[in-house]
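Engineer: Sequence isn't available, so here's the structure alone:
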């Protein structure tokens, strides 16, 4: 894919944790992305493994990063979907993955953020 990709892919699970993923995105993340003038596409998960199927089957190179908004489950779905692609090594090297924790426990996000103390 030639040229600079300017969009961010946001995969949002509105039912994670206490069901506040969409609200957290609108109140906290959307303003930051808007201020940075970063374009993004939001895809709301509709069923279990939606994010996994999405990143496994779509042309994910039209985005320059993937932001998972939800609990640990959506992070696992995104990572597993990427690893199931035939071009998984390219995807992992070219597309940064971000996590906005909105789950009930956020164990994975905590372990990533606090791994270095």
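Structural biologist: Perfect, thanks for sending it. Here the structure is a predicted model, which means the values were calculated and not measured. Residues are numbered from 1 along each chain as shown.

Engineer: Now for residue 44: which residues touch it?
Structural biologist: By C-beta atoms under 8 Å, 6 or more residues apart in numbering, the contact list for residue 44 reads 12, 13, 14, 22. C-beta coordinates here come from the backbone N, C-alpha and C atoms, glycine included.

Engineer: Weed out the non-buried ones from these.
Structural biologist: Neighbour-count burial (16 or more other C-beta atoms under 10 Å) applied to the contacts of residue 44 gives 12, 13, 14, 22.

Engineer: Help me confirm that residue 8 comes into contact with residue 69.
Structural biologist: No. Using C-beta atoms under 8 Å, residue 8 is not in contact with residue 69, being 11.2 Å away.

Engineer: Those two - which one has more neighbours?
Structural biologist: Neighbours were counted for residue 8 and for residue 69 using other C-beta atoms under 10 Å; residue 69 has more, 26 against 19.
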